[in-house]
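Asker: Need a 3D model of the sequence below.
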Amino acid sequence: MDPIQRIRDHFEDSARLKREAADLLAEPIARAVELITTAFASDHKLLVCGNGGSAADAQHLAAELIGRFERERPELAAIALTTDTSILTAVGNDYAFDQVFARQVRGLGRDGDVLVAISTSGNSPNVVAAAQAARERGLSLVAMTGRGGGRLAEMIGDGDVHLCVPHDRTARIQEVHLLILHCLCDGIDASLMGDE
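Answerer: Next comes the predicted model:
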């Protein structure tokens with residue numbers, strides 16, 4: 001295949017999925033914005049976790065909220081559970097890698113906080129365990145998935161939000177996840193500070 005056409009096909013496939021996902025995901029993204037904004041307004045925090053590219057997304061979201069997205073505002077309490085290598089390696093070694101996020105959720109999470117759990121398959125054992133720990137601690141859950149949602153989809157309860165990208169390919173799911181993160185940041189800013 002022509003490499004230029006192959007690249008164009010990636011762009012077209014990504015753009016097509018984003019257009020299709022907009023109608024499906026706009027309303028649940030708005031609900032996630034409301035859930036997270038309510039937590040921040042009540043002096044609660046956001047915990048975020050994921051593996052691999054989803055770990056990078058977790059860090060990206062926390063950075064945009066602690067720092068800023070597109071305009072200045074006060075810092076918002078967001079913690080990426082993917083960044084403390086001492087915790088990750090200690091828990092992975094002393095317990096199991098499945099527990100690296102769950103133990104942090106139980107240690108840091110409080111009733112009224114929100115967990116954003118990111119897994120393209122919805123089946124990552126350590127992300128699912130974090131969601132279970134969130135249940136135990138009274139946190140709300142925003143699950144960002146693809147491929148039908150997997151085990152995380154089964155954990156969605158009243159007041160939780162499931163943002164499931166309608167695709168099976170990891171790269172495409174991650175591309176839409178990044179767009180969702182930016183929609184969340186923009187919506188949170190607009191909710192807390194008003195429209196520009």
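
Asker: Would you mind pulling the contact partners of stretch 3-13?
Answerer: Contact partners of stretch 3-13, identified using C-beta atoms under 8 Å, 6 or more residues apart in numbering, comprise Arg172. Every C-beta, even on glycine, is put in place using the N, C-alpha and C of the backbone.

Asker: Helices of the chain, residue ranges please.
Answerer: Counting by DSSP state H, the segments of the chain that form helices are 3-41, 53-66, 85-94, 102-108, 125-137, 150-154, 170-193.

Asker: Now mean pLDDT, distance to Leu163 and mean neighbour count too, for the ones you listed, in CSV please.
Answerer: Formatted as CSV, those follow (pLDDT from 0 to 100; distance: least, C-beta to C-beta, whole Å; neighbours: other C-beta atoms under 10 Å):
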stretch, mean pLDDT, distance to Leu163, mean neighbour count
helix 3-41, 97, 6, 15
helix 53-66, 98, 12, 20
helix 85-94, 98, 25, 13
helix 102-108, 98, 19, 18
helix 125-137, 98, 14, 22
helix 150-154, 98, 10, 18
helix 170-193, 97, 6, 19
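
Asker: how about the ones you listed in a markdown table, adding distance to Ala77?
Answerer: Shown next, in a markdown table, are these (distance: least, C-beta to C-beta, whole Å):
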| stretch | distance to Ala77 |
| --- | --- |
| helix 3-41 | 7 |
| helix 53-66 | 8 |
| helix 85-94 | 18 |
| helix 102-108 | 10 |
| helix 125-137 | 16 |
| helix 150-154 | 23 |
| helix 170-193 | 12 |
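
Asker: Can you say which of those is nearest to Ala117?
Answerer: Of all the helices of the chain, it is helix 125-137 that lies closest to Ala117, at 4.9 Å by C-beta to C-beta.

Asker: The closest one vs helix 85-94, what angle?
Answerer: Relative orientation of helix 125-137 and helix 85-94, computed by axes from the mean of the first three to the mean of the last three C-alpha atoms, to 10 degrees: 100 degrees.

Asker: Counting by contacts, list what helix 125-137 packs against.
Answerer: Packing contacts for helix 125-137, counted by 3 or more C-beta pairs under 8 Å, 6 or more residues apart in numbering; DSSP states H and E, involve strand 46-49, helix 102-108, strand 114-118, strand 140-146, helix 150-154.
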